[in-house]
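Undergrad: sequence first, then the predicted structure:
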Protein chains: 2
Amino acid sequence: MILTVTLNTALDVTYEVPALRPGEAHRITGVHERAGGKGVNVARVLHELREPVIATGLVGGGTGTSIRTLLGDLRHSFEDIAGPSRRTTVVVDGSSATGFWEPGPEVTGDEWERFVARYSALLRVARVAVLSGSLPPGLPVDAYARLVEVARSAGVPVILDTSGEALAAGVAAGPDIVKPNAHELAVTSGMPVGVFEPGAVELAETEALAAADAVRNGSRTAVVASLGPYGLVASTPDGRWYARPASALDGNPTGAGDATVAALARGLAYRLTWPDRLADAVGLSGAAVLAPIAGAVSLTDYQKLRRGVHVQEV
Amino acid sequence: MILTVTLNTALDVTYEVPALRPGEAHRITGVHERAGGKGVNVARVLHELREPVIATGLVGGGTGTSIRTLLGDLRHSFEDIAGPSRRTTVVVDGSSATGFWEPGPEVTGDEWERFVARYSALLRVARVAVLSGSLPPGLPVDAYARLVEVARSAGVPVILDTSGEALAAGVAAGPDIVKPNAHELAVTSGMPVGVFEPGAVELAETEALAAADAVRNGSRTAVVASLGPYGLVASTPDGRWYARPASALDGNPTGAGDATVAALARGLAYRLTWPDRLADAVGLSGAAVLAPIAGAVSLTDYQKLRRGVHVQEV
């Protein structure tokens, strides 16, 4: 069983409007809701792949009630908190998507300790732990570092996918894999990672791998950086790789990073080789880009894209 | 006790952002939530005035859970439905407010019958019933007409504040008072109601009173139309009036109409004269305009503004 952790679970709401006009009132023509937060998205992709998974984390309030309902048949074991889970709202019209991100609930020290106890118990039956997304207000910046340490003590491999200070603090605790995107990689390494655009891809890949080496800094932590439509670079204790899709895909990039993490978690659980893990990750990420709804990957797309991935050791 | 009915109860959410930019993602710097829907707002104003009130209507889903929590010490007796209560979201930046209105839940025939039974029971202890706001999807267009008839059979006076087809159908059932605004008055009467702006106020008042006469059409239903900052006109079986504030007020017009209805409901409950009801309504509406939060009227503002109202019989 793979355990996914979402500390800042979200009710993801999409509003359709004919045209967004600042300063005006809009009657919404379509409302869509799903349970979200990056760990929930990872769990949903693994569930699509028929992989045993349990989603844990924190939920609360009326939004928490909606999130539990929307999880459907995904297995979960969330800790209840008093503050309401955040909402994310995306307003789409014909030409653009405009997002509004709530910061999330204030989590108390007691709630956090109760969650750590639940997480420790779940780890007893987990093959891999996945820690994803932002920290809600009230949690210490080293919250992920603590969860990494608890997993390591339990002998469970752990993947961390977050950003900013939470990423920097978490890396220091020695997770098995971190998965920054190009922007997070540049921020965390303090090194330039060029813009990925046709004609400059090779230079940007080289820079990304150098930045990944710097973040890894000789440690046991593999750094797998997602380069959007151009694939992945990986700096690991076992080698360094580029993994490139057959072609860059057009579609909805939301959820592609979570699909990458889902593939890496499965690769850890089954002790796949790095080239296999990376090819799986690029293929699954591509299938997520093609999916009309984030998380609802098509197995056919995945298998087709997987065959086209080129993995190169550096 | 005054009974307020809100069939399309709402979770009113306000998001503060530094600047709204279509097509971009925004981190929200402030989130505010309240229980809303026009009947809930009327109940809140009456509760501020220490008037015994019970809020009823329909609530459901995770938003319904939040609404119940946010009602605080306001007495309520809502019917639970399966569909989630709607959200209204207003995004405010320094210069504008942009609104997003969800349509509301699909209400089943069974849920509607259960609500009518609850409403009938509550009417036994009500002095006045107030029916406010839009109808959620699934309810028949004559839903308010039915609630008016049930109240009349129970001998309870009833005020209707809605718009469009629901207003037209409801008026036909003979409520004691309807309270359209100038726009709804023009739509319902099919007559012109001019723009209220300095220099044209008297002409617009004359047109509004003629349109109110047309909507009343000799019936027992008093038509009290709110003219925004310029006060009210009333066409009633007992006479016709203008009620004007001492001066037009600057502020937040949200909730002013609900404060007007709250004053009219209290006037009905205590059988006040029409001039007293109308002066109360203009004063309370002004206090709502001055309130920083809709519904949180200041009794001091109300009493001061009330003294300045000029009521003129026509």
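TA: Looks like it arrived, so ask away. Numbers count the residues shown, from 1 in each chain, chains lettered A, B, ... in the order given.

Undergrad: rest of the way, CA atoms for contacts and neighbours
TA: Noted.

Undergrad: mind listing what A:Pro198 touches?
TA: Contact analysis of A:Pro198 by CA atoms under 8 Å, 6 or more residues apart in numbering or on different chains lists nothing.

Undergrad: and it, which of the three is it?
TA: Here A:Pro198 is recorded as coil under DSSP: H, G, I helix; E, B strand; the rest coil.

Undergrad: read off the pLDDT value for it.
TA: Per-residue confidence (pLDDT) for A:Pro198: 71.

Undergrad: repeat for A:Ala294
TA: Looking at A:Ala294, its pLDDT stands at 65.

Undergrad: how about A:Gly94?
TA: For A:Gly94, the pLDDT comes out at 82.

Undergrad: how many residues are close by it?
TA: Neighbours of A:Gly94 under the rule other CA atoms under 10 Å in any protein chain shown: 10.

Undergrad: how close does it get to chain B?
TA: In this view, A:Gly94 and chain B are 11 Å apart by CA to the nearest CA, to the nearest Å.

Undergrad: that residue touches B:Pro22, doesn't it?
TA: No. A:Gly94 sits out of contact with B:Pro22 when judged by CA atoms under 8 Å, with a separation of 11.9 Å.

Undergrad: CA atoms only: put the helix or strand hosting A:Phe78 into PDB for me.
TA: Using DSSP states H and E, A:Phe78 maps to strand A:76-81. C-alpha atoms of strand A:76-81 as PDB (Å, rounded to 0.1, in the frame of the first residue of the first chain):
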ATOM      1  CA  HIS A  76      -8.700   7.400   3.100                       C
ATOM      2  CA  SER A  77      -7.900   8.000   6.700                       C
ATOM      3  CA  PHE A  78      -7.900  11.700   7.400                       C
ATOM      4  CA  GLU A  79      -7.500  13.500  10.800                       C
ATOM      5  CA  ASP A  80     -10.300  15.900  11.500                       C
ATOM      6  CA  ILE A  81      -9.400  19.400  12.500                       C
END
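
Undergrad: right, is it up against chain B?
TA: No. Using CA under 8 Å from any CA of the partner chain, strand A:76-81 stays clear of chain B, with a minimum separation of 14.2 Å.

Undergrad: find the residue at the geometric middle of chain A.
TA: A:Asp258 (3.6 Å; CA atoms, centre = their mean).

Undergrad: now do the same contact list for the residue nearest to that one when sequence neighbours are not counted.
TA: Distance criterion CA to CA, 6 or more residues apart in numbering or on different chains; nearest residue to A:Asp258, sequence neighbours excluded, is A:Val42 at 5.1 Å. By CA under 8 Å, 6+ apart, the contact list for A:Val42 reads A:4, A:258-259, A:261-262, A:295.

Undergrad: that older thread, what is the mean pLDDT for the strand holding A:Phe78?
TA: Strand A:76-81 shows a mean pLDDT of 98.

Undergrad: and it, what other elements does it pack with?
TA: Contacts defined by 3 or more CA pairs under 8 Å, 6 or more residues apart in numbering or on different chains; DSSP states H and E place strand A:76-81 against strand A:53-60, helix A:109-123.

Undergrad: quick one: closest of the ones you listed to chain B.
TA: Closest to chain B of the helices and strands packed on strand A:76-81, according to CA to the nearest CA: strand A:53-60, at 10.4 Å.

Undergrad: specify the angle between that closest one and strand A:76-81 in degrees.
TA: Between strand A:53-60 and strand A:76-81, the angle comes out at 20 degrees (axes from the mean of the first three to the mean of the last three CA atoms, to 10 degrees).

Undergrad: quick check: the residue nearest to A:Asp258 is in a helix.
TA: Yes. Secondary structure of A:Val42 (three-state DSSP): part of a helix.

Undergrad: run through chain A and note the low-pLDDT ranges.
TA: For chain A, applying pLDDT under 70 flags the ranges A:195-196, A:294-295.

Undergrad: near chain B, which residues of it?
TA: By CA under 8 Å from any CA, the part of chain A that sits against chain B consists of A:20-29, A:31, A:61-66, A:96-103.

Undergrad: and these, which are buried?
TA: If you count burial by 16 or more other CA atoms under 10 Å in any protein chain shown, the buried members of the residues of chain A next to chain B come out as A:20, A:22-23, A:26, A:28, A:61-66, A:97-103.

Undergrad: quick one: A:Thr69 is in a strand?
TA: No. A:Thr69 is assigned helix when assessed by three-state DSSP, not a strand.

Undergrad: what's the neighbour count on it?
TA: 14.

Undergrad: next one: the one 4 residues further on
TA: Taking other CA under 10 Å as the criterion, the count of residues near A:Asp73 is 9.

Undergrad: could you do the one 4 residues further on as well?
TA: For A:Ser77, the tally of surrounding residues (other CA under 10 Å) stands at 16.

Undergrad: just the strands in the stretch 201-314 of chain A please.
TA: Per DSSP state E, counting those that start in this stretch, the stretch 201-314 of chain A carries strands over the ranges A:222-226, A:232-236, A:239-244, A:310-313.

Undergrad: for the first one, packing partners?
TA: If I follow you right, that is strand A:222-226. Here strand A:222-226 touches strand A:177-178, helix A:182-189, helix A:201-216, strand A:232-236, going by 3+ CA pairs under 8 Å, 6+ apart.

Undergrad: angle of it against strand A:232-236?
TA: Strand A:222-226 runs at 170 degrees relative to strand A:232-236, counting by the same axes, to 10 degrees.

Undergrad: can you tell me what sits against strand A:222-226?
TA: Contact partners of strand A:222-226, identified using CA under 8 Å, 6+ apart, comprise A:176-182, A:185, A:208, A:212-213, A:215-216, A:232-237, A:257.

Undergrad: of the residues you listed, select the buried ones using a PyMOL command.
TA: Buried residues among the contacts of strand A:222-226 (16+ other CA under 10 Å), as a PyMOL selection:
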select buried, chain A and resi 176+177+178+179+180+181+182+185+208+212+213+215+216+232+233+234+235+236+257
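
Undergrad: contacting residues around the host helix or strand of A:Ala145?
TA: Using DSSP H and E, A:Ala145 falls within helix A:143-153. With CA under 8 Å, 6+ apart as the test, helix A:143-153 has contacts from A:116, A:120, A:123, A:129, A:131, A:135, A:157-158, A:160, A:166-167, A:169-175.

Undergrad: ok, of those residues, which come out buried?
TA: The neighbour count (16+ other CA under 10 Å) marks A:116, A:120, A:123, A:129, A:131, A:135, A:157-158, A:160, A:166-167, A:169-171, A:173-175 as buried among these.

Undergrad: from those residues, which land in helices?
TA: Cross-referencing these against helices under DSSP state H gives A:116, A:120, A:123, A:166-167, A:169-171.

Undergrad: separation between A:Ala246 and B:Ala246?
TA: According to CA to CA, to the nearest Å, A:Ala246 stands 74 Å off from B:Ala246.

Undergrad: same deal with A:Met1?
TA: Distance of A:Met1 to B:Ala246, given as CA to CA: 72 Å.

Undergrad: same deal with A:Gly133?
TA: With distances taken as CA to CA, A:Gly133 is found 56 Å from B:Ala246.

Undergrad: have a look at these two and say which one is more surrounded.
TA: A:Gly133 (21 against 16).

Undergrad: for that one, give me its contacts.
TA: Shown in contact with A:Gly133 (CA under 8 Å, 6+ apart): A:6-8, A:37-39, A:161-163.

Undergrad: again with A:Leu58
TA: Contact analysis of A:Leu58 by CA under 8 Å, 6+ apart lists A:6-9, A:78-81, A:85, A:115.

Undergrad: one more pass at 10 Å, please.
TA: By CA atoms under 10 Å, 6 or more residues apart in numbering or on different chains, the contact list for A:Leu58 reads A:5-10, A:64, A:77-85, A:105, A:107, A:111-112, A:115, A:136.
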